[in-house]
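Engineer: I would like to see how this sequence folds:
(one chain, ligands or ions: 1)
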Amino acid sequence: MACGLVDQKQIWKSDHRVSYRSTKVCKGDKQMTRQKNHDANSPEAGADEAPQQAQGQGLSRRNLLVGSAGATLGSMVGASAAVAQSDQSGAGSHMRPTASLGNRIYSANPTHPGMTDISENPANVPPPITRTEPATVRIQLETIEIEAHLDTNSRFRFWTFNGTVPGPFQRVRVGDTVEVYLKNNEDSWFAHNVDFHAVTGPGGGASLGAPGPGESYSFKFKALNPGLYVYHCAVAPVALHIANGMYGLILVEPEEGLTSVDREFYVMQGEIYTEEPFGSVGVLTESYDKLIDERAEYLVFNGHVGALTDHYPLQAKVGETVRIYFGVGGPNYTSAFHVIGEIFDKAYLHGSLVTPPLESVQTIVVPPGGSGIVEFKCEVPGRFVLVDHALSRAERGLAGYLIVEGEENPDIFSSLDEAPGAASPDGQE
Ligand SMILES: [Cu+2]
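Structural biologist: Here you go, the predicted structure:
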């Protein structure tokens, strides 16, 4: 089918009360039929017809609201995987599964066998820039819509840059000329583009194009200001494109670069709005009504529930320094980013690298479309939980782990209770 100007509202959901501008889209008719075929072809087609609350999940989560926050959050994610396990086996077991179970589930993608998981590995940060002169840097993005696991027991059609949420971390140097080449995958249903907050120019680059499926566009910009910036799709309705996963970070290094640290990580927070309640089973449907009412069902670090607990926990060793590049794709919720059991030795608020960092900070506030950089030294081993300290959101999926391995440091942290031979309270080795 040829590309044409199509009303997204009709394609995407015919009974919307709200109207928004038409957008150039190809293969519009294919989309309606594809959704049906897609479900019918799925091995889980029966379950897909009527997503339902996973039995026992609500109870499990309530029962876990005891003990330390770290134990609660950790158990919560384990419980989620346990529900999926019982759903698949019919055994009804609520035993805590191993992390490898989560990996296996997320790796099974019946509709896109070549794609295993949309979560971006937080360790995927390009190395620091060592050159001392400006250069021309090419950024290649492909917008890909892909159905993948949202939780261990549900799937969702994510909209992505390069197949991951968040999209790939970009690293340039102030003064660089950045060439952006964006291709929209031919199997997309919608038009997409990109707005880099690091751009000085209309729309951050989004005003220059909105390619339909199989189309491309490109632009260039000069990186004038150092800092950590969000990028996102800006095709209307922009909030929907962001909610479905179209966001990432670009770091513009200052001339002198950043201080050296042992580990750098890339973490982004987002909301997902589904018609079905949190914890439902099957292929979930996006909800425009909940989106405009800002009533998210899921909140996630790096794309899906469990991404930074089951799948890609951050890992470091005692004595190492850690830097986290943190951003909020949103589209709507401001984050109170906190790492339970750590203090940020330095916090570059709002991603500013020309303003001196705050020192010794517990929690940073990061608005949608904003960022923050935090640095700290890992003094003691253990499991440290990444959260938005608006902690109700942890019950909707928003948690990650930093696993620090190494020698205990009792001068800094130790129990005062004598408990020879007893396991540690949260089950860590
Ligand atoms: Cu988009």
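Engineer: tell me the contacts of the closest residue to residue 386 other than its chain neighbours?
Structural biologist: Among residues not flanking residue 386 along the chain, residue 400 sits closest, at 3.7 Å (Cβ to Cβ, 6 or more residues apart in numbering). C-betas here are computed from N, CA, C, even on glycine. Residues in contact with residue 400 (Cβ atoms under 8 Å, 6 or more residues apart in numbering) are 122, 267, 301-302, 307-309, 313-314, 385-387.
Engineer: Generate TSV for the residues you listed, with secondary structure and neighbour count as supplementary columns.
Structural biologist: Output for the contacts of residue 400, formatted as TSV (DSSP: H, G, I helix; E, B strand; the rest coil; neighbours: other Cβ atoms under 10 Å):
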residue	secondary structure	neighbour count
122	coil	29
267	strand	23
301	strand	29
302	coil	25
307	coil	28
308	strand	27
309	coil	25
313	coil	17
314	strand	22
385	strand	24
386	strand	27
387	strand	23
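Engineer: of all those, which comes closest to the ion?
Structural biologist: residue 302 (18.4 Å; Cβ to the ion).
Engineer: residues in contact with that closest one?
Structural biologist: Applying Cβ under 8 Å, 6+ apart to residue 302 gives the contacts 119-120, 122, 165-166, 266-268, 308, 312, 400.
Engineer: In helices, which of these fall?
Structural biologist: Using DSSP state H, no member of the contacts of residue 302 falls within helices.
Engineer: export those to TSV and tack on pLDDT and distance to the ion?
Structural biologist: As requested, the contacts of residue 302 are exported to TSV (pLDDT from 0 to 100; distance: Cβ to the ion, whole Å):
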residue	pLDDT	distance to the ion
119	95	19
120	96	17
122	98	23
165	98	12
166	98	14
266	98	20
267	98	22
268	98	16
308	97	24
312	94	24
400	98	25
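Engineer: Which of the residues you listed fall in strands?
Structural biologist: Under the assignment DSSP state E, the contacts of residue 302 contribute 266-268, 400 to strands.
Engineer: Which of those residues sits closest to residue 236?
Structural biologist: Comparing the ones in strands among the contacts of residue 302 against residue 236 with Cβ to Cβ picks out residue 268 as the nearest, at 21.9 Å.
Engineer: if you skip the residues just before and after it, what's nearest to the closest one?
Structural biologist: residue 166 (4.0 Å).
Engineer: likewise residue 290?
Structural biologist: Leaving aside its sequence neighbours, residue 290 sits nearest to residue 273 (Cβ to Cβ, 6+ apart; 4.3 Å).
Engineer: Identify the residue nearest the geometric centre of the chain.
Structural biologist: The centroid of the chain falls nearest to residue 302 when counting by Cα atoms, centre = their mean (2.3 Å).
Engineer: Now do the lengthiest strand in the chain: which elements does it pack against?
Structural biologist: Longest strand in the chain by number of residues (criterion: DSSP E): strand 136-151. When contacts are defined as 3 or more Cβ pairs under 8 Å, 6 or more residues apart in numbering; DSSP states H and E, strand 136-151 packs onto helix 99-107, strand 154-161, strand 177-184.
Engineer: If you average pLDDT over each of the ones you listed, which is lowest?
Structural biologist: Of all the helices and strands packed on strand 136-151, mean pLDDT reaches its minimum on helix 99-107 (a mean of 46).
Engineer: thought the residue nearest to residue 290 was touching residue 297?
Structural biologist: Yes: Residue 273 is within contact range of residue 297, at 6.2 Å (criterion: Cβ atoms under 8 Å).
Engineer: interface residues of the stretch 201-350 of the chain facing the ion?
Structural biologist: Counting by Cβ under 5 Å from the ion, the positions of the stretch 201-350 of the chain adjacent to the ion are 233, 235, 241, 246.
Engineer: can you pull out the helices in this structure?
Structural biologist: Assigned by DSSP H, the helices in the chain fall at 8-12, 28-41, 45-49, 57-63, 69-89, 99-107, 238-243, 288-293.
Engineer: which residues does residue 119 form a beta bridge with?
Structural biologist: With DSSP bridges as the criterion, residue 119 is bridged to residue 165.
Engineer: what residues are up against it?
Structural biologist: 106, 164-165, 302-304, 307-308, 311-312.
Engineer: gap between the residue lying closest to residue 315 once chain neighbours are set aside and residue 310?
Structural biologist: Sequence neighbours aside, residue 403 is the residue nearest to residue 315 in space, at 5.1 Å (criterion: Cβ to Cβ, 6+ apart). Between residue 403 and residue 310 the distance is 12 Å, computed by Cβ to Cβ, to the nearest Å.
Engineer: Find the residue ranges of the stretch 101-250 of the chain scoring beneath the pLDDT cut-off.
Structural biologist: Counting by pLDDT under 70, the low-confidence segments of the stretch 101-250 of the chain come to 101-116.
Engineer: switch to 50 and redo it
Structural biologist: Within the stretch 101-250 of the chain, the stretches falling below the threshold (pLDDT under 50) are 101-104, 110-112.
Engineer: isn't residue 286 right up against residue 242?
Structural biologist: No: counting by Cβ under 8 Å, residue 286 stays clear of residue 242, with 12.0 Å between them.
Engineer: Comparing these two, which residue is more hemmed in?
Structural biologist: Higher neighbour count among residue 286 and residue 242: residue 242, with 25 against 20, using other Cβ atoms under 10 Å.
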